[in-house]
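Trainee: Just the structure for this:
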Amino acid sequence: MSYLIGVDGGGTGCRVAVADQQGRILARATGGAANIASDLATARKNILATTYAALESAALPPEAIRSARAVLGLAGANLGDFRAQLHAALPYKHADIISDCETTLTGAIGAGHGCIAAIGTGSVFGRRGEAGFTQLGGWGFLLGDDGAGALLGQDILRRTLLAHEKIIPHSPLTEQIMDEFAGAPKQIAEQARTFSPGDFGRFAPRVVAAATAGDQNAEDIMARHTDIVRKCIDAVGFDPEKAFCILGGLGPAYLARLPRRYRDAATPPLGDALDGAIYLAKRQQE
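Mentor: Numbers count the residues shown, from 1 in each chain. Okay, here's the model as predicted:
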């Protein structure tokens with residue numbers, strides 16, 4: 001018997017679901033980061049390790065991977081030739097590697113029309129309409145990820161250095177961060193050189209919480225990124241009459257700041273990216 005496998009991989013972690021041919025999920029597993037544009041070798045290793053963990057959890061032998069039909073929704077799948085490189089190194093019988101935005105959109109709104117904003121460590125915006133699937137963003141930390149946690153973290157470290165040099169005023173959060181680096185700006189600069197997007201993203205919850213508490217530096221960051229997120233939602237094709245979900249760890253923080261027309265249109269997702277991947281895998285075999 002062959003099985004369906006869904007993979008959701010990004011800069012923070014990897015999740016895998018195993019399902020039967022009817023799409024009923026038998027088991028799930030979680031593992032390490034799987035952004036194929038950031039680190040292809042590590043992404044492949046984590047995808048396979050997490051797949052084998054899910055198979056074990058479903059009481060299936062490791063060999064089941066070779067007869068499986070898989071849909072992998074991965075960050076970085078829209079860049080370069082990383083998708084082709086990974087495809088050649090996977091043991092699944094059938095594998096379709098697509099953007100994690102498409103699996104997230106499918107999981108969130110089903111097969112109908114509508115759009116999503118998915119904002120966590122990275123960010124991406126997607127829509128399904130008459131012309132099919134459209135993605136906006138997803139260009140990665142260096143040139144994209146508008147509104148994402150990695151950029152919030154980078155921005156608060158930048159503002160900490162600016163405040164230390166008296167270019168802008170300090171706020172409680174920048175003072176706290178400065179103290180954590182022993183008051184030494186060189187420590188911030190040197191450590192940040194080695195940071196991954198996930199490392200920067202660990203500061204994001206503090207930025208959100210501080211902005212809510214009235215911290216001016218945090219508020220300035222959140223206000224600027226909220227405006228960017230709103231423009232991205234509009235650009236991808238927001239329609240208040242169609243399905244709209246805002247997802248990810250930072251989704252609720254941005255939704256609370258968006259104008260009422262977006263808040264009124266937003267609905268809870270039907271499912272997650274793994275549900276979307278399994279749905280697409282099932283549809284492919286039909």
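Trainee: From Ala184, how far out is Gly107?
Mentor: Distance of Gly107 to Ala184, given as Cβ to Cβ, to the nearest Å: 45 Å. (Each C-beta comes from the backbone N, C-alpha and C, glycine too.)
Trainee: Tell me which of the two has more neighbours.
Mentor: Taking other Cβ atoms under 10 Å, Gly107 and Ala184 do not tie; Gly107 has more neighbours (26 against 11).
Trainee: Tell me the spacing between the more buried one and Ala213.
Mentor: From Gly107 over to Ala213 (counting by Cβ to Cβ), the distance is 33 Å.
Trainee: Ile109 now?
Mentor: From Ile109 across to Ala213, the span is 34 Å (Cβ to Cβ).
Trainee: Between those two, point out the one with more neighbours.
Mentor: Ile109 (24 against 11).
Trainee: give me the beta-bridge partners of the spatially closest residue to the more buried one that is not a sequence neighbour?
Mentor: Excluding the flanking residues, the one nearest Ile109 by Cβ to Cβ, 6 or more residues apart in numbering is Ala243, at 4.0 Å. Counting by DSSP bridges, Ala243 forms beta bridges with Gly114.
Trainee: ok, Ala243 touching Cys115?
Mentor: Yes: the criterion here is Cβ atoms under 8 Å, and Ala243 meets it with Cys115 at 7.5 Å.
Trainee: These two - which one has more neighbours?
Mentor: Between Ala243 and Cys115, counting by other Cβ under 10 Å, Cys115 is the more crowded of the two (26 against 21).
Trainee: Please name the spatially closest residue to that one (chain neighbours excluded).
Mentor: Arg127 (3.9 Å).
Trainee: wait, what's in contact with Gln216?
Mentor: Pro169, Ser171 (Cβ atoms under 8 Å, 6 or more residues apart in numbering).
Trainee: gap between it and Leu161?
Mentor: Taken as Cβ to Cβ, the span from Gln216 to Leu161 is 16 Å.
Trainee: distance between the longest helix along the chain and the chain's centre?
Mentor: Longest helix in the chain, counting residues (DSSP state H): helix 216-236. With Cα atoms, centre = their mean, to the nearest Å as the basis, helix 216-236 stands 17 Å off its chain's centre.
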